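Novice: okay, structure incoming, though there's no sequence with it:
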């Protein structure tokens, strides 16, 4: 387990804020920016990252006529300022649900699910990749101690943290039912190219979302196999290597495949899906204020989606890709932004 000493050293190195940003004029109310140029293809189940001023999307599930047909090995960088996308080096293998993380100016990709040729399988991966901007190439790094996917990842201090999600529950590793929820907390040291573990989360869940606010890692929503969608909200303090509970999301707002970003010290959570009573994608968005430990409604999404990515750049939360209906239906190329418009 990550020791208190190493956690304190990591904290003293300074906290990365790839998922956090500040609004220049906090007295103004944020709103959505729509009508933006879409991604070059429809994709869902993505965990993109802000890297060198662009939104990097690697892997995911691709669709034809809105319905998932294949697993992606594509890697693009979408520039929010010009609303254009650049095709970059493909992944070594197709992967859905991998999480991209910018750490100290370098892009990394972790876990997710691989597939057999011509199929859409759920072969969970322990792979770690690093991207070199100068050569436009991916290279392997030390694999995680165990396969991981549908987790939450963040750059915190000197390390990259991955918590929760799913893991293989036995020898089988091919289909979604071969996996189970976990509280596992993995920690990658890019400088040493080594892995260790830290304090596990308080509850097991997958497909949650998270962001850093004032050096604390907020993880909200998601779902579990046993309990379905969850409103759980837990906060990790890396200085003490300890989790605590915070105010849960409003009742009924928990969902798998939601996304979030932090602006002006507040957490904003968007979208997600659930399957009860016919299922739907949440149009609601929610704002959390750490000072009052309370949630409030935010403006609803213009295009509700699950399996989307949320990336903070230029004082805006960019909401990219996803699907407009539950599961693999109505996959989208939509790009919208939330923040101070105008």
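Specialist: Yep, it's here. The shown structure was predicted, so the numbers you read here are calculated from the model rather than taken from an experiment.

Novice: quick one: average pLDDT of stretch 32-41?
Specialist: Across stretch 32-41, pLDDT averages out at 98.

Novice: end-to-end on that stretch?
Specialist: Terminal residues of stretch 32-41 are spaced 22 Å apart (C-alpha to C-alpha, to the nearest Å).

Novice: next one: stretch 103-115
Specialist: Stretch 103-115: ends 27 Å apart by C-alpha to C-alpha.

Novice: and what of stretch 165-179?
Specialist: Separation of the first and last residues of stretch 165-179 by C-alpha to C-alpha is 10 Å.

Novice: run the chain-centre distance for that stretch.
Specialist: 20 Å (C-alpha atoms, centre = their mean, to the nearest Å).

Novice: what's in contact with that stretch?
Specialist: Stretch 165-179 is contacted by residues 111, 121-124, 146-152, 180-182, 184, 206-207 when judged by C-beta atoms under 8 Å, 6 or more residues apart in numbering. Every C-beta, even on glycine, is put in place using the N, C-alpha and C of the backbone.

Novice: strands - which of the residues you listed land there?
Specialist: Assigned to strands by DSSP state E, the following of the contacts of stretch 165-179 qualify: 123, 124, 152, 180, 181.

Novice: mind giving me the ChimeraX command for buried ones among the residues you listed?
Specialist: Command for ChimeraX that selects the buried part of the ones in strands among the contacts of stretch 165-179, burial taken from 16 or more other C-beta atoms under 10 Å:
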select :123,124,152,181
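
Novice: farthest pair within the ones in strands among the contacts of stretch 165-179?
Specialist: Largest separation among these by C-beta to C-beta: 123 and 152, giving 20.9 Å.

Novice: how far away is the nearest residue to residue 281 once chain neighbours are set aside from residue 283?
Specialist: In space, and not counting its chain neighbours, residue 281 is closest to residue 304: 4.6 Å by C-beta to C-beta, 6 or more residues apart in numbering. Residue 304 is 4 Å from residue 283, where distance means C-beta to C-beta, to the nearest Å.

Novice: which one of those two is surrounded by more residues?
Specialist: Using other C-beta atoms under 10 Å, the more surrounded residue of residue 304 and residue 283 is residue 304, with 22 against 13.

Novice: including pLDDT and distance to residue 260, could the ones in strands among the contacts of stretch 165-179 go into a markdown table?
Specialist: Formatted as a markdown table, the ones in strands among the contacts of stretch 165-179 follow (pLDDT from 0 to 100; distance: C-beta to C-beta, whole Å):
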| residue | pLDDT | distance to residue 260 |
| --- | --- | --- |
| 123 | 98 | 28 |
| 124 | 98 | 24 |
| 152 | 98 | 10 |
| 180 | 98 | 24 |
| 181 | 98 | 19 |
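
Novice: turn the ones in strands among the contacts of stretch 165-179 into CSV, columns for distance to residue 32.
Specialist: CSV is the format used below for those (distance: C-beta to C-beta, whole Å):
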residue, distance to residue 32
123, 37
124, 35
152, 24
180, 37
181, 32
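
Novice: in whatever helix or strand residue 243 lives in, what's buried?
Specialist: Using DSSP states H and E, residue 243 falls within strand 242-245. Using 16+ other C-beta under 10 Å as the test for burial, strand 242-245 gives residue 243.

Novice: please name the strands paired to it in the sheet, noting orientation.
Specialist: Applying DSSP bridges, strand 242-245 is found paired with strand 233-237 (antiparallel).

Novice: same question for the partner strand, mean pLDDT?
Specialist: Throughout strand 233-237, pLDDT has a mean value of 98.

Novice: now do stretch 88-98
Specialist: The average of the pLDDT scores along stretch 88-98 is 98.

Novice: before we move on, what about stretch 243-252?
Specialist: What stretch 243-252 shows for mean pLDDT is 96.
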